[in-house]
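Trainee: the sequence and its predicted three-dimensional model are supplied below.
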Amino acid sequence: MLDIKFVRENPEIVKENIKNKFQEHKLPLVDEAIDIDKKRREVQGEADNIRSERNAKSKQIGALMAQGKKEEAEAVKAEVAAKAEDLKKLEEQERELAEELKKRMMVIPNIIDKSVPIGKDDSENVEVERFGEPVVPDFEIPYHTEIMEKHNGIDLDAARDVAGNGFYYLMGDIARLHSAVISYARDFMIDRGFTYCVPPFMIRSNVVTGVMSFEEMDAMMYKIEGEDLYLIGTSEHSMIGKFINKLLDEEELPKTLTSYSPCFRKEKGAHGIEERGVYRIHQFEKQEMIVVCKPEESPMWFDKLWQNTVDLFRSLDIPVRTLECCSGDLADLKIKSVDVEAWSPRQKKYFEVGSCSNLSDAQARRLGIRVKGKDGKYFAHTLNNTVVAPPRMLIAFLENNLNEDLSVRIPEALRPYMGGKEKIG
């Protein structure tokens, strides 16, 4: 969420940013917000004048009573009482205008970084760099669920009977591989100095609206009926929420956390849930990383975060590339985002396995995450990135480590988490 002062002083910059995100329908919100803010400040000024006058008269009443001038004191009290109703009405106007202003400010997108390429949607994202050599073996690679079924590692039919499409049972060595990847990712991030955390898997609505846009919320979140609770779509939500309404000491920054959680997503508006795949699903597990830092340090942390994911995938012999998200593909709170994509030998192309985002102070403003520094208080910057999210990541793992006999090689880094196994099958 932007600072209303910034919007007031830079309306054309805010409008140009909206155009760059191809959200022209939001342009009227800028003038509406400025107009409402003007009225709000006028009402606030009137209310402040009455409060100031009330305080002065209260002192006057005390002085008159001390002098024994009871009748005069009562007359002044009557004046104060007469203004009380006016103040009440003004305070109600203040609340209403503040709420109307917030509604608009919550949907005006954050100002994107100058380095972000301008483009309408994800088809205009820009490749940045490749890591590792993509290889297509001289034997046919089956669809990922066929590989899993070959090793008795997945049961989609039973999951469909129990929960519907978008769910799965992982079994045997494939289930073990899934857990091994999560455990390896946890230790990988701990070794890089991040504090491990298992967060709440449900969060309240004020945290949901603090960490994401309304569009994302509607498309992703499952609400618990009868409760002010939502199932998390990613542990980033509850991890950032950990600092809600906190005043952090500057010397404590940065806060670097890595978290494990199950994740639940409606996938509303997606192209559909596959019946035979685990690429787009309603439930999965993930290792995440988040950073809360000083504003001037967030670009540096952004580069460190996506590099962590690249390094983890390369340690498992999976070629990857980074993709700069264009303006139209950025969620409203993000100022910059890079997707990490893994190589699929079967499809002969890359596909997304993680996303790294810098949200500047947008989440911090919504959640009240402030920092006490030498020169006063300011809002923190927040960043997040996927370490690894199986079972989607298992698609890349299985395809890139598959042998011709359909056995699966276990990279050396992962063997301690697989009981020393060098291969599956």
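Mentor: Looks like it arrived, so ask away.
Trainee: gap between K70 and V7?
Mentor: To V7, K70 is 52 Å away according to CB to CB, to the nearest Å. C-beta coordinates here come from the backbone N, C-alpha and C atoms, glycine included.
Trainee: could you tell me the end-to-end distance of stretch 323-341?
Mentor: Terminal residues of stretch 323-341 lie 7 Å apart, using CA to CA, to the nearest Å.
Trainee: for the record, mean pLDDT for it?
Mentor: In this model, stretch 323-341 carries a mean pLDDT of 97.
Trainee: same question, stretch 225-243
Mentor: Mean pLDDT, stretch 225-243: 95.
Trainee: now swap in stretch 345-356 and tell me
Mentor: Averaging pLDDT along stretch 345-356 yields 96.
Trainee: which SS class is the residue of the chain positioned farthest from its centre?
Mentor: Relative to the centre of the chain, the most outlying C-alpha is that of G68, 63.7 Å out, by CA atoms, centre = their mean. At G68 the chain is in coil, as set by DSSP: H, G, I helix; E, B strand; the rest coil.
Trainee: phi, psi for it please.
Mentor: The phi/psi pair for G68 (degrees, to the nearest 10) reads phi 80, psi 10.
Trainee: distance check, it against A78.
Mentor: With the distance defined as CB to CB, G68 ends up 19 Å from A78.
Trainee: now swap in E216 and tell me
Mentor: Counting by CB to CB - E216 and A78 are separated by 54 Å.
Trainee: which of the two has more neighbours?
Mentor: E216 (15 against 10; other CB atoms under 10 Å).
Trainee: thought that one was touching K334?
Mentor: No: here E216 does not reach K334: they are 10.3 Å apart, not a contact under CB atoms under 8 Å.
Trainee: between K70 and V7, who's got more neighbours?
Mentor: For K70 versus V7, neighbours defined as other CB under 10 Å are more numerous around V7 (22 against 10).
Trainee: in three-state terms, label the closest residue to the more buried one other than its chain neighbours for me.
Mentor: Excluding the flanking residues, the one nearest V7 by CB to CB, 6 or more residues apart in numbering is V14, at 5.4 Å. Under three-state DSSP, the three-state class of V14 is helix.
Trainee: give me the pLDDT for V14.
Mentor: Per-residue pLDDT puts V14 at 98.
Trainee: roughly how far does it sit from V30?
Mentor: Counting by CB to CB, the gap from V14 to V30 is 5 Å.
Trainee: which neighbours do those two share?
Mentor: Residues within reach of V14 and of V30 at once, by CB atoms under 8 Å, 6 or more residues apart in numbering, are 7, 108.
Trainee: quick check, pLDDT for E74.
Mentor: Note on E74: pLDDT of 69.
Trainee: what segments of the chain are helices?
Mentor: Using DSSP state H, the helices assigned to the chain run over residues 4-9, 11-20, 27-66, 70-105, 144-150, 156-162, 172-191, 205-211, 214-220, 235-241, 298-315, 362-367, 392-400.
Trainee: okay, buried residues for the second one please.
Mentor: This means helix 11-20. In terms of neighbour count (16 or more other CB atoms under 10 Å), helix 11-20 has its buried residues at 14-15, 17-18, 20.
Trainee: separation between E324 and D317?
Mentor: Taking CB to CB, one finds E324 at 25 Å from D317.
Trainee: again with K5
Mentor: Separation of K5 from D317 (CB to CB): 51 Å.
Trainee: from G419, how far out is K19?
Mentor: For K19, the distance to G419 equals 56 Å [CB to CB].
Trainee: and what of L253?
Mentor: Distance of L253 to G419, computed by CB to CB: 40 Å.
Trainee: repeat that for I395.
Mentor: From I395 to G419 the distance is 23 Å (CB to CB).
Trainee: do the same with C263
Mentor: Between C263 and G419 the distance is 27 Å, computed by CB to CB.
Trainee: kindly report the same for K286.
Mentor: Distance, K286 to G419, by CB to CB: 23 Å.
Trainee: more neighbours: which of those two?
Mentor: Taking neighbours as other CB under 10 Å, K286 and G419 compare with K286 leading, 24 against 10.
Trainee: which residues does the more buried one contact?
Mentor: Counted by CB under 8 Å, 6+ apart, K286 has contacts 234-235, 260-263, 386-390.
Trainee: in TSV: the residues you listed, plus distance to V211 and neighbour count.
Mentor: Converted to TSV, the contacts of K286 look like this (distance: CB to CB, whole Å; neighbours: other CB atoms under 10 Å):
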residue	distance to V211	neighbour count
T234	9	23
S235	11	28
Y260	18	18
S261	14	23
P262	17	12
C263	14	21
T386	15	26
V387	18	27
V388	21	26
A389	18	22
P390	23	24
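Trainee: and those, which of them are in strands?
Mentor: Mapping those onto strands (DSSP state E) picks out 260-263, 386-388.
Trainee: before we move on, back to that, would you mind giving the buried residues of helix 11-20 as CSV with distance to L402 added?
Mentor: Output for these, formatted as CSV (distance: CB to CB, whole Å):
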residue, distance to L402
V14, 50
K15, 51
N17, 45
I18, 46
N20, 42
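Trainee: fine by me, thanks again.
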